[in-house]
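Chemist: I need the structure of the sequence given here:
(one chain, ligands or ions: 1)
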Amino acid sequence: MAMTGKDDGAHNHHTGEGHHHAPPEDIVVRVKALENLMVSKGLVDPAAIDAMIEQYETRIGPHVGAAVVARAWSDPAFKARLLADANAALEEMGVSRLQGEDMIVVENTADVHNVIVCTLCSCYPWNVLGLPPTWYKSLPYRSRIVRSPRETLLEFGLAVDAETEVRVWDANAELRYMVLPQRPEGTEHLEEAELAALVTRDSMIGVALPIRSGGHGA
Ligand code: FE
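Modeler: Numbering: from 1, shown residues only. Have a look, this model is predicted:
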């Protein structure tokens, strides 16, 4: 299989948090046409579509996962529950399952670095991370993170120690993964809300580390 290497777009997006790429015009037109058709046939209520979009754009996002991670860093008992049964622990925090899929949280340690992917399509833990970044859905990421995880992570700027095992978790329609990153050193004094601010989307995918407090890495 041909690898497009450095020009595949997987590397241009991960530094640009929070901005949206406009989809191609033909897709916009097709989506609009489908929506109009479904509304005209009485299949959907346009208000319901607006509500769903509003939910994805504003209420669901990486801040949800960041709060979960910060809680796990602050509360060892919660962390144990999160790793043992993420579905129940997330429910404790009011995070619901959007489509009934199961969630597994995998913990980064000094010995293991975890990263998530959906090799088949684009399955992603929406309920904790919101909408997936474009590169996550790209074929180059989906294939290369499995075949050469260390090299791919390096392209995201993440050098994993040679002694640290890299585990790649392949999501599917029934099962989603989220990475519990390692708590950065020097954050012992931080409150839960301050910790949450260090937890980026990419650190919960596993292609980055949390922001280090004290100005580095931000
Ligand atoms: Fe998928």
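Chemist: for the helix or strand bottoming out on mean pLDDT in the chain, name the packing helices and strands.
Modeler: Here the helix or strand of the chain ranked lowest by mean pLDDT, DSSP states H and E is helix 46-54, holding a mean of 81. On a contact count with 3 or more CB pairs under 8 Å, 6 or more residues apart in numbering; DSSP states H and E, helix 46-54 meets helix 25-40. Using the backbone N, CA and C atoms, a C-beta is placed for each residue, glycine as well.
Chemist: now with 6 Å, please.
Modeler: Helices and strands touching helix 46-54, by 3 or more CB pairs under 6 Å, 6 or more residues apart in numbering; DSSP states H and E: there are none.
Chemist: what about the chain, any weak spots by pLDDT?
Modeler: Scanning the chain with the threshold set as pLDDT under 70 gives 1-22, 214-218.
Chemist: so which bits of it are right by the ion?
Modeler: Those residues of the chain that sit near the ion, judged by CB under 5 Å from the ion, are 118, 120, 121, 122, 123.
Chemist: one step back: and the angle from the least confident helix or strand of the chain to helix 25-40?
Modeler: If you take axes from the mean of the first three to the mean of the last three CA atoms, to 10 degrees, helix 46-54 sits at 140 degrees to helix 25-40.
Chemist: which stretches of this protein form strands?
Modeler: Assigned by DSSP state E, the chain shows strands spanning 102-107, 112-117, 165-170, 175-180.
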